[in-house]
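J.: I need the structure of the sequence given here:
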Amino acid sequence: MVIFELCAASLPLVVLASYALQPVADARRRLPPGPRPLPVVGNLLDVGDSPHRAFARLADSYGPLMSVRLGAVYAVVASSPETAREILQKRNGEMASRRSLDAWRVLDHPANSMIALPARGKWRALRQHTAAGMLGPRRLAEQRAVREEEVRDMARRVAALADQADDGAAAATVAVAREASAAMIDVICRAMFSEELDPAVVAEITDVTDEAAVLSGAPNVSDFFPALAAADLQGIRHRAEKLVTWLYSIVDEQVGRRRRSRAAGEARKNDLLDVFLDNEGEVQEEGWAINQDTIRGLFMELVLGGSSVPTTVEWAMAELLQSPQTMKKAQEELRTVLHNKPHMEESDIAQLPYLQAVVNETLRLHPPVPFASGLAEETLELHGYNVPKGASAFVNIWAICRNAEVWDEPDKFMPERFLQNEIDFSGTDFEFIPFSTGRRICPGLNLSSKLVPLMLASLLHEFDWTLPEDAGRNGIDMSEKFGLVLSMAAPLRAAPKKAL
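T.: Reported below is the predicted structural model:
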């Protein structure tokens, strides 16, 4: 009993001593500088619910490569083009793995996840099959008519609301991201399954995606203290399992129908589902084989990853509605190039440099995913500092895209800046990497680069837009919701009127 009392009495002294000596220990280990972590919680109180902004502020004090402790997890944060290049290009092979979110450790999803898998055999095979069946140049070219048709359908839905206002009803408003999301989901489903889903199912997928984004961005004790993960103290994994199960059921129905059609000798669809079923059951060198779980996981990630498209369209519309002269300039370019052409086509994009500049500037100010992440598979050196094995790495894309040393007036929406330089988002210019770069560059980059300008141009060409009275009076709420993608906290609604 005496020994127990002595240990209990000395515990606070041990914790305080450890806290006081931490900077000395870090200096001896040559770790990057950073804010002093508190006992147990580390720097979690410094981070809050907007980690991209919090890390950017901390980088102003501690430099472009800094250390943070998120509970029991040690991490380094890169906030400059130079440190991003070091992590995502020069040392990419040693940091291309990731620490997956605990929320998605359900139904064996990480084993079939291009996001979570190490950048090796299975991950590489999934990306190759996905490129062959959906996201590669040849398949994207074949699917061009599908994308144009779905965007025209989106415009027809918007026009129906505009007609209501023309008939004397109060100006109807459109939830911009939701309409763009419906088109995006239909594009993915037609590329993967060669058919659209029922509109009610598409609406439910949009709701599930929104909830998934919230779960992914919610502070999770299981991520910060892995030893406690099994307890799922906040119930986040339990909630995520319901979402994943429902999404998987959509895939199961499609796979079942395709198996029956193939067994009946019906013609191949030559879509992504056929690509995976063609390779199903073939054992790979690492001992795994494509199965229905693989197809399920892939569909889920394509839908969730595709949410970056409607999010970017929404941010672009919000910025343009706040900058009427910029919107006018974009619409004048569209109407000059398209003349009386009723609908936008992908081939028109190349003739619209100002529209492309609007998209680039939106991606700079509002990168869909604010961080590129990695995991040190061995101890390594970055910019003269040691990064221990097992450390997480976060490249703060949001901070780099607003770096005052790189961009003039970085917080201002100025599409003209992209007319004056040749920077693009292909991953070679480290001051502008909204889709990341290196091995982990977004596999949907080429699809996004076609769909975002196509959707945005269609909305601007066919309609004139105004804000609801309250937003016009008080301004648009431009606050962010951190999650799977960096979306608007208050979804944008705007009133369309058919362009004359």
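
J.: Every contact and neighbour count from this point should use C-alpha atoms.
T.: Fine.

J.: next helix or strand past the host helix or strand of residue 203?
T.: Element membership for residue 203 (DSSP states H and E) is helix 199-217. Moving toward the C-terminus from helix 199-217, the next helix or strand (DSSP H and E) is helix 221-224.

J.: Please spell out which residues along the following helix or strand past that following helix are buried.
T.: Moving toward the C-terminus from helix 221-224, the next helix or strand (DSSP H and E) is helix 236-263. For helix 236-263, a neighbour-count test (16 or more other C-alpha atoms under 10 Å) marks 236-237, 240-241, 243-244, 247-248, 250-252, 254-255, 258 as buried.

J.: for stretch 417-435, same thing?
T.: Applying 16+ other C-alpha under 10 Å to stretch 417-435 flags 417-418, 423-427, 430-435 as buried.

J.: now for those, which pair is the farthest apart?
T.: Using C-alpha to C-alpha, the pair of the buried residues of stretch 417-435 lying farthest apart is 417 and 435, separated by 19.3 Å.

J.: from the buried residues of stretch 417-435, which is closest to residue 186?
T.: Distance to residue 186, by C-alpha to C-alpha, is smallest for residue 435 among the buried residues of stretch 417-435, at 22.1 Å.

J.: How much space separates the closest residue to that closest one other than its chain neighbours from residue 87?
T.: Residue nearest to residue 435 in three dimensions, not counting chain neighbours: residue 442, with 5.4 Å by C-alpha to C-alpha, 6 or more residues apart in numbering. According to C-alpha to C-alpha, to the nearest Å, residue 442 and residue 87 sit 16 Å apart.

J.: Could you do residue 327 as well?
T.: For residue 327, the distance to residue 87 - C-alpha to C-alpha - is 37 Å.

J.: Residue 442 and residue 87: who's more crowded?
T.: For residue 442 versus residue 87, neighbours defined as other C-alpha atoms under 10 Å are more numerous around residue 87 (24 against 19).

J.: Who are the contact partners of that one?
T.: Going by C-alpha atoms under 8 Å, 6 or more residues apart in numbering, residue 87 touches 95, 382, 395.

J.: burial measure for the closest residue in space to the second one that isn't next to it in sequence, as a count.
T.: Excluding its sequence neighbours, the residue lying closest to residue 382 (C-alpha to C-alpha, 6+ apart) is residue 86, at 7.1 Å. The burial metric for residue 86, expressed as a neighbour count using other C-alpha under 10 Å, is 16.

J.: Use 554 as the first number from now on
T.: Fine by me, first position is 554 from now on; the one you just mentioned is residue 639.

J.: Residue 639 in helix, strand or coil?
T.: What DSSP: H, G, I helix; E, B strand; the rest coil gives for residue 639 is helix.

J.: is it true that it touches residue 934?
T.: No. Residue 639 lies out of contact with residue 934 (C-alpha atoms under 8 Å); the separation is 10.0 Å.

J.: pLDDT wise, what is residue 559 at?
T.: pLDDT recorded at residue 559 is 38.

J.: do the same with residue 568
T.: The model's pLDDT for residue 568 equals 37.

J.: what ranges do the strands span in the stretch 954-1053 of the chain?
T.: With DSSP state E, counting those that start in this stretch, the ranges of strands along the stretch 954-1053 of the chain come out as 1016-1019, 1033-1034, 1040-1041, 1046-1051.

J.: Rebuild the ones you listed as TSV, extending it with mean neighbour count, mean pLDDT and distance to residue 956.
T.: Converted to TSV, the strands of the stretch 954-1053 of the chain look like this (neighbours: other C-alpha atoms under 10 Å; pLDDT from 0 to 100; distance: least, C-alpha to C-alpha, whole Å):
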stretch	mean neighbour count	mean pLDDT	distance to residue 956
strand 1016-1019	19	93	32
strand 1033-1034	16	93	19
strand 1040-1041	24	94	21
strand 1046-1051	22	92	30
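
J.: For residue 874, which of those is the nearest?
T.: Among these, strand 1016-1019 sits nearest to residue 874 (C-alpha to C-alpha), with 7.3 Å.

J.: C-alpha coordinates for the closest one, PDB please?
T.: Extracted C-alpha coordinates of strand 1016-1019, given in PDB (Å, rounded to 0.1, in the frame of the first residue of the first chain):
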ATOM      1  CA  PHE A1016     -28.500  30.900 -66.700                       C
ATOM      2  CA  ASP A1017     -28.100  34.200 -65.000                       C
ATOM      3  CA  TRP A1018     -27.800  33.800 -61.200                       C
ATOM      4  CA  THR A1019     -28.800  35.900 -58.200                       C
END
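
J.: and that strand, which strands flank it?
T.: Within its sheet, and counting by DSSP bridges, strand 1016-1019 is paired with strand 1046-1051 (antiparallel).

J.: shaky segments in the stretch 904-1053 of the chain?
T.: 1025 (pLDDT under 70).

J.: how about a cut-off of 80?
T.: Applying pLDDT under 80 to the stretch 904-1053 of the chain picks out residues 1022-1026, 1053.

J.: for the stretch 654-803 of the chain, same thing?
T.: If you take pLDDT under 80 as the line, the stretch 654-803 of the chain has these spans: 717-724.

J.: what number of residues lie near residue 907?
T.: 21.

J.: doesn't it fall inside a helix?
T.: Yes. Counting by three-state DSSP, residue 907 is part of a helix.

J.: List the contacts of it.
T.: Going by C-alpha under 8 Å, 6+ apart, residue 907 touches 883, 886, 968, 969, 972.

J.: How about residue 800?
T.: Per C-alpha under 8 Å, 6+ apart, neighbours of residue 800: 758, 849, 853.

J.: which non-adjacent residue is nearest the last one?
T.: Yep, that's residue 853 we're talking about. residue 800 is the one closest to residue 853 (C-alpha to C-alpha, 6+ apart), at 6.5 Å.
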